[in-house]
Structures are given as C-alpha cells and as structure tokens.
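1. got a structure for you, letters missing:
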C-alpha cells in the first residue's frame, strides 16, 4: 500500500508540503490588509481564531502526549465531552468556577485512566478502545443530563493591563479568559518537557522503541499509564473550555467532532507542540471565517457548506500529510515482554 | 474462527461454537448488570425497567414486529462494520453512508412516478445502497492512495453528510407543502411493505443480505482476497493481490451495506427522508459487529438484541420512568466488554487459544 | 590464555526456566571468571537467549540461583542487573533510531541539572571520555539511524560501560557484521577484558568461537552440555556437541550444468522506503540449472533487490528480464505467472498469513486458479486435498491442515512456504534467507530441496547473509556492498577471506 502511495507522488503533493506555510502567510498578509482597512472586523476575526483554536490545541496536546508515549487516542472527543459535562455539573452545583475547572480536568484524567487501562493493561485494539470511550461518553452524558440546569456564569477575560492596549495584538492576545491563556502556556510547557527533561526523553523512548527503554530499566507501562492520564487532564481542560469558558452551558454531543479535528491538528503539526499550535490556529481561522461569513451574510453560500469547512480541511490535511510525516514508531502497539 | 484437532469434528466444532458464543453473551449480561447499578443510582427500579424493556420488545406480536423493524437497519449497519473489519478497515462512517442512502432512496421514491412496485422499490433500494457505496469509496480511495486513516476520514465525512443532506432536504428536495425540512413522502410503489400486519419485509431482505455477505467472504475468491488483505496486507501484496484495489472495494461494499440500511429505513419505516434520523446507526453498527465477532451470520441475532433494546425503550420509559438514554449506556458497556475480551475470558476461565480470536485493524500508518 | 585462576565474578547454578508447555532451561549452570571471554554456543532454540535474559533480569528463573562476586542476587528487572554490573548488547539493538547517541546512552540513567532537567552538555562530555578511554570512537551527537551497524553496536557497548558494567553479555554480535568488522569487534573485546571486564559471547558460529574464546560452554535443547577449552577442539567436535550427532556440514551436490539464461538484470537501481537508492546499478544473470549466491552483510540492498525482482517494489532505474521477457514493471502476480517461486526473507510478514489455516497458506498465491477456484468461487475440497498432500510430501509437522500457521515452529512455517512455492512448475527460484532462525533438521531439508530444484533445471537466486550457506549451495557467488555488486566469483575463487574483503567493500 505504501508503495502505491509513494509512487503516485506528484506535484500537487509537493505543493501540499508547503501548504501550511502558504496558508499561514496568506493569513498574516490578509489580516494586516484587513486591519488597515477594517480594524474592528480584523481584530474580532483574530480573537475568534484564537478562541476557536483553544479546544483544538488542547485536544491535540492530549493526542500528542499519548502518541509520543506510544498510545493512539481517538477517544479525545469522548474525553472532552465527558469532562465538559462534569465541569458543567460542578459549576451548576457549586457555583465555583475554579472547582468546576478542576472537576473537568479530573474527569478527563479519569477517562484517560480508563483509556490507559484498556490500551495498556488489557492490550485492547487502541482504536476500538477510543471508540468505546466516545460511545460511553455520549451515552453517560445523555443519560445523566437533565434539561433546564442553569449556572451562575462563565470564565471572564483577564485583561493584562498595558499589554492589552497594544493595537491589534493587544485585544487579540492579552485580553483572554484563563483557559485560553493556559492552552498557550501548555504549548510551551509541553515542548520543554518533551525535549529538555528526563521525563520527556523517557516518554519519547517509550513511544519509539519500548524494549530499548525496558532494557535500561524504564517501566514502559507505567510511563504510558501516567502520560495517558495526564493527557486526559489536558483533554479535560478542553472540555472545561467548552462549558465553562465558551458557552457556559451543556448540550448533548456538543463537542461536534472537535476531538477528531484535534487529531488532524496533531498530525498536521508533526507531533510537535509548536507545529500543532500553528495547525490549531489554522483550523481556528477556518472556524472563525465560518462565523464571520455567516455574520456578514453578504456572500450567498448556504450555511451548511460553510459549516463543512473544518471537516473538509481535516480530510485534506490527512490526505496530504500522512505517510510523509512520521508518527512515533511504536504507536498503537501494546508492549509485550513475551 | 479457528478449529483445533479434527479428532471429533462435530463435537469439537460445537465446543468451539459454545466457547465463541459464551464471550458475547457474558458481555451482554455484565453490561446489563452495570446498567442495573446505574439505574439504582439514578433512583429507578432495574427489575421493573428491564421487564418493561422485555415486554416492549418481545411481549406481543406488535412489539416483536417493532423489534424486527428496529433490527433491520441495524443488521445492515452491523454488516457494514463487520465486513470492513474483515478487510482490515474500521468504518465509523456508517452514519454518513446511511444518510446518503436514505436521502437518495427517498428522492428516487418520490421523484419517479409511473413505475410498478417490482421495479420502483428495488430501484430506490439499490439507488440508496449505491449512494452509500460511492460515499464510502471516498474514504477507501483516500486510504489506498494517501494513507489517510479511514477512522478520521469517515467521521469527518459523517459531519459533511449531515450538512449536505440537511442542505438538500431544506432546498431542492424540500417538501413544499409544509414548513418542516424534509422530503415529500415516497410513493406507494417504492414502499417496502409488511408481511401480514406486523412482520416487516425489510427484515427478511436484510437477513438474506447477511447470508450473501457470508457467502462472498468465505466462498468466493474475492472474499479470500479481502480476508487476506485484512489479516496481513504485506502477505497479500506478496501473493499478488492488489491491496489498494481491495481496500477501495471493501470500503465501497461496506458503504453499500450501510447505504442500504438507510434506504430500508426510508422505504420501509419512515416513508420519507428527514434530517437527523437514526443518528446512532454508525455507532450501533460497531457494537453489533463486535458482538457478532465480525461473523456476518451472527450479526443477525446481535442486531435483534440491540433492536429489542431500542424497540422496548419507550415502553420502559413509560412503565418505569427511566430515561431511554440508559440504552445507549448499556450498549456502550456491551461494546466495552466485547472488546475487552480479556476480562470476560478471565471471568469464564477461557484460555486465550480457545474460542477463537478476532483480528481487527490497528494503528495509523501500518500500510 | 587460561584465566580460570582469576576470581569468579558470576555464577549461575541449577537455572530452570519453564514457559507454558516448554522447558527452555533445564538445570543449567555456568561460571564466568574476571577478564575472560566465555563463548556460549548452541543452535537456535537451545536456550542461550533465555539464559541470558534471566541473567539480565528480563525473565525470572523458575528454579536456581545467581551469584555475583559470591553474593546471591535476585533480579526483578534489568535495572537490578545493571546495578549489579551486568550489561547486555542485544542481537536486535536496543537503540532509539530517531534519537542521538548521547540520548541513547544516558536513557534511564540520565545526567540531570535538578528539577527533572537534562544536562546534555555534561552527558556529551562523559560519553566522549568513555569512548576515548576504551577506544570506541563515536560522535555523541550523531543520530542513530544515520550510523552504520558496526558503530551502532559500539554505542550499545558504550551504553553498558556508561552503566559501569563489568560483565558484558554480547548476544550474536557478529550476525550483522562483515568478517572485518567482526575482527575489529574481537579487538575491542580483548581490550575490554584486558581492563578487567568479563564477557559472555553468544554465538552459533564455530569459527569465531575458536578464534576469540577463552572458554566455551555449549548448550543443547535447554541443557548445558559441557564447558571446554578451545585448544583441544575443532569445528566438527564443537558441532557435534552442539547438535548431538555427527552433522554433515557440507551439502552433497554434483556439478552444475547451466543452460539457458533465466534471469538477466541490467543496471538495476531501487530505492528503499526512505527514498534512498539502496540498489545501485546492479547487473547479473542466472542460468537454468545453477545456483547464484548473493553474499553480503544484511542491509546492503539485498532485500530491496529481491523485492524489485519479485515485483513487490518499484524499480527506479535499469531493467530485468525473466525467461527473456522484460519484467521490470510487472506486478507480483505477473511475475508469479512467469513461473517464478519466491521464498521471502520475512516469513511471518510476507510469506504467511498467521491466523489462516495451513491449507489456505498453501494456496496463498494460487487461490484464483483451478482446481482451487471454479471461476470466482473457492473449491474447499481441492484446497484441502492439495494441502494434505503437501504436508506429507514436505514433512510439515502439524496436527492437521486446518491448524493456524501461527502455531507452527519456525522450521515448519518455512516448510509450508517451501512446499507452496515448489508445488507448482518453477523456472526461477528466488530464495531470500531461506533458513534464517530455524532448526538444523529443517535447514538440511530445505537445502536438499533447493539443490533438487537446481538439478531439475531451475535457475536459483539465493540471497543469504550466512556465508556457510552461500558457500555450500552456490555454483557462483556475487557479493553486494552498499547496493553495488562488488564482484562475481567462481566457487574455486570464493574463499572465505576473499568474500569477507568484498563484503566489507574493499578490493574492487
């Protein structure tokens, strides 16, 4: 199969290789031109891009940490949905947003623990394990959800003083609610941990060549358990973003495929935190464009077609990049010491 | 499924069959048990709930007819997933393929007039199935030529299908006699009738299709090719099988089955296309396929079981005041226990080399 | 040479290891003295690797005890073994290909700066010092996958020394080396023992044992047969200890009578999965009735050459002809149809479908032909009787033809492939590593089958990394090095030394 894919290497694939940079460049140019002509629309576009990208980068960081340690996680969607629900319930019953965010993170870690149990301990097919999580989350949140619950409010933007007064970047980057800031900080933290610490070195070794790690005394399954649980916490934060920061309420199946888009973001970003951030911003921009176009309403495109944009983009990204970018070598394979 | 020494072929086969069946049955019982605990936690009486569920699904001829009616698209959804598994693919896109099958069957059902039943109904049915096949072929081709994993592409195509069918039911094919976004009712000549008062003909069509799928997989050379690719695509390449062709074909046939499920739903149950109907079928198909351990014939009882749960759910909601989402939870738990075979094997003390094993797809880029 | 007066550093006593249904080690005892090289000899499956994995803490013995410097020890995992000064260089390198040398060396025993941070600068210094001290030159910042195999092996040795190992276990270290690289390894081994390090050297190559060992321990079917000193041993006495009977090391065959040209390869180039050209301008020919051996250390393009010739890998330059027909861009199916049989290098990946019953594996590439197929339907009865006949003809040891291939032993798996490939009319046989990792009985059987095919007028292209196999089966030999053919030799010219030099790329 790989031979077929590689022989049909044609020029459009070469174009795709640079598509990320091309699109990013176009976005920058367009936003400067846009700012000069209509500052308000451009600012709100970019701010919306950042907001839309937040659950995606968090989801992608979750997927990235799992895969770097050798576990495929297609259950991000379910993890996000479940923790969005738990965070929402905590907000309803305590009215305390800090507790609610903590509850969302813990819920994500719990589901991460379940995934690790299935993938590492039971050595289940990891794609199936992720599917179990997705379906279970859909069922449980549907069963326990009762309509009409209300909350006291949601997380508000924190204004970073003088920085927020800068033109264009100020309102976009320095006047955001807390989970958005946390997502950006996590990108840096994840990069540092993966490439400059003992934990990161061991995580990558376990994901690339588990028996090499085992023979120098690293407990492969323990590393995988812990990483998958921590990653679950990150997905939990993404869920918390949805119910505690973005909308302030819960709806059935409200994740709307974001968990899967996050996986495409991770692949687009070549399993690196900064790459994933760039990809998440691109996808966020596509979503922002969608709402903006609906808002303006001057262009006659049916809303269903605009709504498809992120999903189509995901397919294009996958088709153009898988096979060229290299996933961690041991991803998806349970570790067995015969 | 593997068989051991042929010393006592008949007896051995029976033993293997019982061992193989024990795993899914135990999984269902465990899921029902945990479901009962959840019911108690939410303040309901599990015995009342479960007996209402059984009454609502098998309690009367009408109830049984409804169970079979619910089971019909489930058989096809389960077959779609099971068939893809045999070819080493995981089709989570049953949902999208079903929507396309349903809307095309609906359009053919209301849009063409003057045909007799024997032509119109099969035409609409096959038209829907082909629409599902074409839609699934997109994922198959992406997998074969670019290596894009079918799990993500099929899910993305689900969302895209929701948007496109919604657009069609709201636009060109909208029933202008009402405000609701849906297509006009299909003509009498396109409808799949019932046998007697309660027995849906569609069920028997679906069961026959299950047999055809079994025959295709185990008695034809194409089936041999598909199973070889599914178990070891490197060996298939060595053996001169064109892996890309088989991948596309497997996905297409899988989509054909899901599309037919949607067509039967439109032609035999709902009578028209309505956006958002039967949204869970893609996921139900996974549960059923794994419950049947990817055996096409075992898909029939597995689908009847899930169909009974869905058919009896409203009775349960009415009698025992239990929200019918509990069915989704139990289904998810069934899926968990059938895929977490190790737990069930431990409970039943079945060794790893007994009762057969199911090989599924895995990983991102194993191409 | 006698170092038996030196203190005993490691002692294993009465080690027994049971796996479900298998007794891998049966009351095995072993001693190792300071500064000696102990060769552990035995054929595949004799229990050498099991014993070493127990000494390294990867397995746990069912019975028996291990003493290090007289102290009784119990290893729960490799970490315990490492702490007790044991280092192991595995046959399959335990190196992360995408990481640097230094990252691989420190993994698990990292140099830290506090707060969980790595101190890569200091780690590089330490690795450089180590490599200078023991004469193991290597660039600490190089990425493993860019390094040649010999250097990767050095990194493995440095890894062990970095962990203060004074007992070094080398598992089949020469399998991937040229004879010259092996010589260099032996030099390093002597340097290390001179500094007080003790080495257990696992191998099944008799010549090496006699060349390098201070003492020889021989294992057979899970038991220790005896420990001897090399002075009063010859290859055949060792072989007898290893196998338990007089083995004929030479394959009996008559002279070849080559006739028509069956395979002609002209300036063939092939790329690997990473798009690197690994077969470079190769030309050769094989005639009906002769065996052309392709010698070379594995990883020099042989795999890609075979895959190209069997249609499994696209050709990037040049052409090849089978029975006069240009088959350069043929599919695997088209090539099989030219009556080409292919014994693939990786039997579990390419040669068999593990969960399939033997009968289905027997028709893996003929399933579409009568009598196995009637049109597009499969004929199960014909498939079964075909498989039953082959199982008895080729002596495949199995309870039945519906047994899955996965439950067969390595030798019987290979016999299934050989049976399948030889059960049809063959003009050209392409055999890649046909006897790798299987028992002596099966090796003899398969060698006989290959010679029989040759005598029937089949052209045979034999690719093997085992020099002995090449020397005993071939009628002519070519040597591959870094994707090129280094030379073609007649059997009269093909001495071990000359082949070794060509395999190392010297002498054009």
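-> Received it, and whenever you're ready, just let me know what you need. Predicted, not measured: the structure shown is a model, and the values here were computed from it. Residues are numbered from 1 along each chain as shown, chains lettered A, B, ... in the order given.
2. which ones are touching the residue of chain C found nearest chain B?
-> Nearest residue of chain C to chain B, counting by Cβ to the nearest Cβ: residue C:333, 3.1 Å away. Every residue, glycine included, has its C-beta placed from N, CA and C. Applying Cβ atoms under 8 Å, 6 or more residues apart in numbering or on different chains to residue C:333 gives the contacts B:240-242, C:311, C:365.
3. Pick the one among these closest to chain A.
-> The closest of those, once distances to chain A are taken by Cβ to the nearest Cβ, is residue B:242, at 8.5 Å.
4. Count the residues that sit near the closest one.
-> 19 (other Cβ atoms under 10 Å in any protein chain shown).
5. wouldn't it be in contact with residue C:334 here?
-> No: counting by Cβ atoms under 8 Å, residue B:242 sits too far from residue C:334 to count as a contact (11.3 Å).
6. how about whichever strand or helix holds residue B:346, does it reach chain C?
-> Residue B:346 is part of helix B:341-348 when elements are defined by DSSP states H and E. No: Helix B:341-348 stays clear of chain C (Cβ under 8 Å from any Cβ of the partner chain), getting no nearer than 15.3 Å.
7. So what's the residue count around residue C:148?
-> Residue C:148 has 13 nearby residues by other Cβ under 10 Å.
8. so where's chain A uncertain?
-> A:1-24, A:35-36, A:168, A:294-300, A:321-325, A:337-338 (pLDDT under 70).
9. let's go with 80 and repeat that
-> By pLDDT under 80, the low-scoring segments of chain A are A:1-42, A:147-153, A:160-174, A:289-303, A:306-307, A:317-318, A:320-327, A:332, A:336-338.
10. Spell out which parts of chain C neighbour chain A.
-> So far as Cβ under 8 Å from any Cβ goes, chain C lies against chain A at C:56, C:58, C:77-79, C:82, C:88, C:90, C:93-99, C:103-104, C:106-110, C:112, C:116-118, C:159, C:163, C:273, C:275, C:312-314.
11. switch the cut-off to 7 Å
-> Counting by Cβ under 7 Å from any Cβ of the partner chain, chain C comes close to chain A at C:58, C:77-79, C:82, C:90, C:94-96, C:98, C:103, C:107-110, C:112, C:116-118, C:273, C:313-314.
12. Quick check: closest non-adjacent residue to residue C:420.
-> residue C:362 (5.1 Å; Cβ to Cβ, 6 or more residues apart in numbering or on different chains).
13. Please apply the same query to residue C:449.
-> Leaving out its chain neighbours, residue C:449 is closest to residue C:418 (Cβ to Cβ, 6+ apart), at 5.9 Å.
14. and the one you found, what does it touch?
-> Neighbouring residues of residue C:418 by Cβ atoms under 7 Å, 6 or more residues apart in numbering or on different chains: C:343, C:394, C:446, C:449.
15. got JSON lines for those residues, with neighbour count and secondary structure too?
-> Supplementary listing: these in JSON lines, determined by neighbours: other Cβ atoms under 10 Å in any protein chain shown; DSSP: H, G, I helix; E, B strand; the rest coil:
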{"residue": "C:343", "neighbour count": "25", "secondary structure": "strand"}
{"residue": "C:394", "neighbour count": "20", "secondary structure": "coil"}
{"residue": "C:446", "neighbour count": "22", "secondary structure": "helix"}
{"residue": "C:449", "neighbour count": "19", "secondary structure": "helix"}
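16. Mind picking the two most distant members of those?
-> C:343 and C:394 (12.8 Å; Cβ to Cβ).
17. With adjacent residues omitted, what lies nearest to residue A:236?
-> Per Cβ to Cβ, 6+ apart, closest to residue A:236 is residue A:108, 2.0 Å.
18. What is the helix or strand hosting that neighbour packed up against?
-> Residue A:108 is part of helix A:97-116, with elements assigned from DSSP H and E. On a contact count with 3 or more Cβ pairs under 7 Å, 6 or more residues apart in numbering or on different chains; DSSP states H and E, helix A:97-116 meets helix A:76-94, helix A:126-144, helix A:220-240.
19. From the contact counts, what lies against the last one?
-> Meaning helix A:220-240. Packing contacts for helix A:220-240, counted by 3+ Cβ pairs under 7 Å, 6+ apart, involve helix A:39-68, helix A:76-94, helix A:97-116, helix A:178-196, helix A:198-208, helix A:210-215.
20. next SSE after it?
-> The helix or strand immediately downstream of helix A:220-240 is helix A:258-268, counting by DSSP H and E.
21. Next one: that next one, is it in contact with chain B?
-> Yes: residues of helix A:258-268 are located near chain B by Cβ under 7 Å from any Cβ, namely A:260, A:263-264.
22. which helices and strands does that helix pack with?
-> Against helix A:258-268 (3+ Cβ pairs under 7 Å, 6+ apart) you get helix A:39-68, helix A:76-94, helix A:273-296, helix A:309-321, helix B:150-170.
23. Tell me which of those sits nearest to residue B:246.
-> Each of the helices and strands packed on helix A:258-268 has some distance to residue B:246 by Cβ to Cβ; the shortest is helix B:150-170, at 13.5 Å.
24. Residues contacting the closest one, please?
-> A:74, A:127, A:257, A:260, A:263-264, A:302, A:304, A:307-308, A:311-312, A:314-315, A:318, B:89-93, B:95-96, B:99-100, B:103, B:135, B:138-139, B:142-143, B:181-183, B:251, B:273, B:275, B:282.
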